[in-house]
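Q: have a look; sequence and predicted model below, questions after that.
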Amino acid sequence: MKLTLLFNVNSSDNLVLGRKNQYLLQAMVYNLLNPEYANFLHNEGFVYEGKRHFKMFSFSKLYGNGSIKLKDDLIFFQPPIKLVITSPVNSILEQLATNALSLGEIRLGNNLLTCKEVKIEYPRVDKEEIEFRTLSPIVCYSTLKKYDNSNFTYYYSPKEKEFCEQIYANLIKKFQLIALQENIPEGVIKIECLGRVKEEIRFFSPCDNRPIKGWSGSFKLCGPKDLLQVALDAGLGAKNSAGFGCIELVLNERERR
């Protein structure tokens, strides 16, 4: 399920955010949920084998009307502002849609927004190959050890086999949480870059100087339809609920008709 929110900016002519704004977007999403459910998702979520916690939603970066403007450490978005959120859990998006329309003013950093439009879609995967574009970067990583036994995070690129391996393993875990008693679909996942893809480096907050590296662009994803549907709904790769791995289908001309 895919939710698109369009916002007007009440506090000024433009939406103004610092470049390290990921935490603000995540906070706004949680604040649009009912408080008890937001607390459940944030602190527990859907637990895989007693140790892995999944929130089961992803969201896009912000899109404004036209190109964004950069000045010093600030980003300026011209309204209306668009945010896309996807989830296989319908109640998550239903709460977000209802509260976005009913809460009145919504705070995003120092900005006050009003939701002017809500659009809900149910994109379906009906074949074992999809083409998609990223709405927020895809992140795949491992925590490794340095020579002094301290930890460091290694982010994989789409050229490395571990990138696809991690995407597959991650989709299997999400599928098992969504489908519960159903058998894991047979077949493997393959991902292919379509044209040039871009490495993006994000910082979650101004207080966190650890870079998060992801990849944006257009890709082809092949594999069992049920796993491709999970990718479309729950997000691709890691850190989905922090605003990474949100994707949307790219339809060819024949499919649009």
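A: Yep, that arrived.

Q: residues contacting stretch 174-194, please?
A: With C-beta atoms under 8 Å, 6 or more residues apart in numbering as the contact definition, stretch 174-194 has outside contacts at 46, 48, 54, 56, 88, 128, 131, 158, 163-164, 167-168, 171-172, 217-227, 230, 234. No exception for glycine: its C-beta is placed from N, CA and C like everyone else's.

Q: and if we set it to 6 Å?
A: Identification of contacts with stretch 174-194 by C-beta atoms under 6 Å, 6 or more residues apart in numbering yields 46, 48, 88, 158, 164, 167-168, 172, 218-224, 226-227, 230, 234.

Q: let's see which of these end up in strands.
A: F46, Y48, S218, F219, K220, L221, C222 (DSSP state E).

Q: regarding I120, what is its secondary structure?
A: strand (DSSP: H, G, I helix; E, B strand; the rest coil).

Q: and the pLDDT for it?
A: On the pLDDT scale, I120 is placed at 95.

Q: again with A231
A: pLDDT recorded at A231 is 97.

Q: okay, the ones in strands among the contacts of stretch 174-194 in TSV with pLDDT next?
A: As requested, the ones in strands among the contacts of stretch 174-194 are exported to TSV (pLDDT from 0 to 100):
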residue	pLDDT
F46	91
Y48	86
S218	97
F219	97
K220	97
L221	97
C222	97
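
Q: which of the contacts of stretch 174-194 are buried? Put it as a ChimeraX command.
A: Here is the ChimeraX command that selects the buried residues among the contacts of stretch 174-194 (16 or more other C-beta atoms under 10 Å):
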select :46,88,158,164,167,168,172,218,219,221,223,224,226,227,230,234
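
Q: tell me which element G50 is part of?
A: Using DSSP states H and E, G50 sits in no helix or strand.

Q: ok, it to Y63 distance?
A: Separation of G50 from Y63 (C-beta to C-beta, to the nearest Å): 38 Å.

Q: looking at the ones in strands among the contacts of stretch 174-194, which is nearest R124?
A: Of all these, L221 has the smallest distance to R124: 14.7 Å, by C-beta to C-beta.

Q: can you tell me which of the ones in strands among the contacts of stretch 174-194 is nearest Q95?
A: Of the ones in strands among the contacts of stretch 174-194, the one sitting nearest to Q95 (C-beta to C-beta) turns out to be F46, at 15.7 Å.

Q: from E162, how far out is that closest one?
A: Separation of F46 from E162 (C-beta to C-beta): 25 Å.

Q: run through the helices of the chain in chain order.
A: With DSSP state H as the criterion, the chain has helices at 22-31, 35-43, 90-102, 161-179, 225-234, 253-256.

Q: can you say which of these is packed in most?
A: Highest mean neighbour count of those: helix 225-234, a mean of 23 (counted as mean count of other C-beta atoms under 10 Å).

Q: tell me which of G50 and Y63 has more neighbours.
A: Y63 (16 against 6; other C-beta atoms under 10 Å).

Q: check contacts around that one.
A: K82.

Q: I'd say V89 and F54 touch.
A: No - applying C-beta atoms under 6 Å as the test, V89 and F54 come out as separate, 10.2 Å apart.

Q: between the two, what contacts are shared?
A: In contact with both V89 and F54: no residue, using C-beta under 6 Å, 6+ apart.

Q: quick one, what contacts the residue lying farthest from the centre of the chain?
A: Centroid-distance maximum for the chain: D148 at 34.2 Å, with C-alpha atoms, centre = their mean. Contact analysis of D148 by C-beta under 6 Å, 6+ apart lists nothing.

Q: can you tell me how far K55 is from N240?
A: From K55 to N240 the distance is 7 Å (C-beta to C-beta).

Q: same deal with T98?
A: For T98, the distance to N240 equals 22 Å [C-beta to C-beta].

Q: for the closest residue to N151 other than its chain neighbours, name its beta-bridge partners.
A: Excluding its sequence neighbours, the residue lying closest to N151 (C-beta to C-beta, 6 or more residues apart in numbering) is T143, at 5.4 Å. T143 forms beta bridges with T153, as assigned by DSSP bridges.
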